[in-house]
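1. below is the sequence, then the predicted model.
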Amino acid sequence: MKQVLLCFVALMLSAGWAIGSNTDFDKAFKESKQIEKQIKRTSFPKQTFDITDFGAKPDTPQEPCHEAINLAITTCSLQGGGTVIVPQGTFYTGPITLKSNVNLHVSEGATLKFSTDQSLYFPGVITRWEGIDCYNARPLIYAYGESNIAITGKGTIDGQGSNDTWWSMCGAAKYGWKEGMVAQRNGGRERLLMYGETNTPIYRRIMKPEDGMRPQLINFYSCQTVLIEDVLLLNSPFWVIHPLFCESLIVRGVKVFNRGPNGDGCDPESCKNVLIEDCEFDTGDDCIAIKSGRNQDGRKWGIPSENIIVRNCFMKNGHGGVVIGSEISGGYRNLFVENCRMDSPELDRVIRIKTSTCRGGLIENVFVRNVTVGQCREAVLRINLQYENREKCNRGFIPTVRNVHLRNVTCEKSQLGVLIIGLDDDSHVNNISVEDCRFNNVSKNGNSIQGARDIRFRNLYINGELVKE
């Protein structure tokens with residue numbers, strides 16, 4: 001009898017928290033509480049450093065004050081840490097580098113406005129751009145290998161992205177691009193992608209201003225114990241918050257408004273133990289997009305994102321509310337989404353998983369509960385294993401998506417409830433459940449499922465009718 005019991009337990013563990021009853025789903029969220037306890041919290045000495053004491057002056061757009069701000073940060077770090085204060089007023093700045101044991105506090109009534117002079121952001125730094133390792137334009141706020149760092153306060157951080165500045169570099173006319181202008185479409189992006197496909201050494205992957213590869217607003221690379229809290233983040237040139245190879249990260253009470261191209265709100269990449277709570281997202285791309293590297297670079301590092309909690313957030317515009325992919329070659333495991341609201345005719349999907357045979361990798365253990373949606377454009381849940389089929393890449397890396405579970409999700413308007421686009425056989429998307437959910441005003445025949453197996457609907461009502469198993 002003991003051997004039978006042990007075999008049963010081993011089978012359940014190999015299924016990755018496969019949902020079989022209400023108790024199993026609740027057990028997953030109890031596990032999320034244990035993960036939350038593992039997240040280390042920032043702590044800073046009480047000493048403060050006002051940037052105006054280091055020469056920063058408000059309202060001087062022709063004289064950006066990043067040297068004064070960086071001097072304040074470095075001094076604070078060298079003296080054991082503390083808080084660097086941005087007081088009330090509008091401070092024009094170039095790139096800022098955060099250091100260990102420093103809290104950059106943007107006071108209520110304060111605004112950091114980043115210069116759009118591209119020359120200030122070169123020479124570049126090591127980072128990733130759409131999941132590919134490279135040296136690119138310095139992110140507006142950057143940290144590398146630091147620990148115990150924070151950006152806090154009820155002030156504003158404005159990247160000043162617009163059709164007249166950074167955004168046109170995407171190469172789309174609707175964002176201001178015209179023939180003859182600098183743009184990533186002029187060969188920079190394609191060359192970077194080929195660097196990844198051909199395993200070009202990273203030190204040779206040097207992107208230049210003429211490549212038009214826009215920088216992130218915030219990029220923390222290989223950092224430990226990070227807090228981003230309460231600030232308003234506006235108009236990023238590219239992705240807004242991009243933690244890369246970070247552990248113990250909290251993003252709390254942040255408001256993101258960024259309608260630019262590739263304007264993702266928060267993109268943890270190859271990060272572990274992350275809490276995103278009480279945030280608002282209104283974006284030109286995915287609100288939250290979890291990543292782990294693109295194609296060969298993601299597989300080379302082999303570092304998944306894992307243990308990410310999203311709760312009490314509000315998503316407005318965006319391609320997806322909570323998304324995994326597409327740069328997910330390192331894999332992903334253990335996502336917990338709860339008590340969120342989403343609502344916009346410009347929000348395409350609620351939960352989105354996107355990958356391909358360029359990416360490969362295993363995505364597993366996604367738990368979503370208590371999400372209220374006013375409307376979304378396409379589907380409440382979309383899983384797509386054929387994302388960007390025209391991408392030039394080495395294929396044959398088969399992805400797997402399994403153990404995706406939704407409970408108590410309501411949506412008042414969408415085209416579809418569940419949309420799954422698998423591969424030619426049904427073995428790479430499996431163990432998907434939708435339980436105690438109601439999707440109203442669904443316009444296209446309920447669900448569309450291809451290339452998947454072990455799909456379970458329990459108490460799922462679409463347009464008032466119970467969907468059979």
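-> Looks like it came in fine.

2. after the helix or strand harbouring residue 436, next one along is what?
-> Counting by DSSP states H and E, the element that carries residue 436 is strand 429-439. Going down the chain from strand 429-439, the next helix or strand is strand 448-450, by DSSP H and E.

3. buried ones in that next one?
-> Buried residues in strand 448-450, defined by neighbour count with 16 or more other C-beta atoms under 10 Å: residue 449. All C-beta spots, glycine's among them, are computed from the backbone N, C-alpha and C.

4. what residues does that strand touch?
-> Identification of contacts with strand 448-450 by C-beta atoms under 8 Å, 6 or more residues apart in numbering yields 416, 418-422, 455.

5. will you turn the residues you listed into TSV that also has pLDDT, neighbour count and distance to residue 292?
-> TSV is the format used below for the contacts of strand 448-450 (pLDDT from 0 to 100; neighbours: other C-beta atoms under 10 Å; distance: C-beta to C-beta, whole Å):
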residue	pLDDT	neighbour count	distance to residue 292
416	98	23	27
418	98	26	24
419	98	21	23
420	98	24	21
421	98	17	21
422	98	21	21
455	96	18	25
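
6. list just the nearest of those to residue 384.
-> residue 421 (4.6 Å; C-beta to C-beta).

7. could you report the pLDDT at the nearest residue to the closest one once chain neighbours are set aside?
-> Of all residues not flanking residue 421 in the chain, residue 384 sits nearest, at 4.6 Å (C-beta to C-beta, 6 or more residues apart in numbering). Note on residue 384: pLDDT of 98.

8. beta partners for residue 384?
-> Beta bridges link residue 384 to residue 354, residue 421 when assigned by DSSP bridges.

9. do you know how far it is from residue 334?
-> 21 Å (C-beta to C-beta, to the nearest Å).

10. what's in contact with the strand holding residue 436?
-> 15-16, 18-19, 25, 380-381, 383, 385, 400-411, 414, 417-418, 420, 422, 451-463.

11. output the lowest mean pLDDT helix or strand found in this structure.
-> Lowest on mean pLDDT, DSSP states H and E among the helices and strands of the chain sits helix 2-14, with a mean of 38.

12. ok, then the element right after that helix?
-> helix 22-38.

13. for that next one, packing partners?
-> Applying 3 or more C-beta pairs under 8 Å, 6 or more residues apart in numbering; DSSP states H and E, one finds that helix 22-38 contacts strand 272-277, strand 305-311, strand 332-342, strand 362-373, strand 400-411.

14. which parts of the next helix or strand after that helix count as buried, going by neighbours?
-> Next along the chain after helix 22-38, taking DSSP H and E as the criterion, comes strand 48-50. Buried residues in strand 48-50, defined by neighbour count with 16+ other C-beta under 10 Å: residue 49.

15. packing partners of the following helix or strand past strand 48-50?
-> Remark: after strand 48-50, the chain's next helix or strand is helix 66-78, criterion DSSP H and E. Using 3+ C-beta pairs under 8 Å, 6+ apart, the elements in contact with helix 66-78 are strand 48-50, strand 82-86, strand 89-93, strand 96-97, strand 102-106.

16. show me the one of those that comes nearest residue 362.
-> Going by C-beta to C-beta, the one of the helices and strands packed on helix 66-78 nearest residue 362 is strand 96-97, 35.3 Å.
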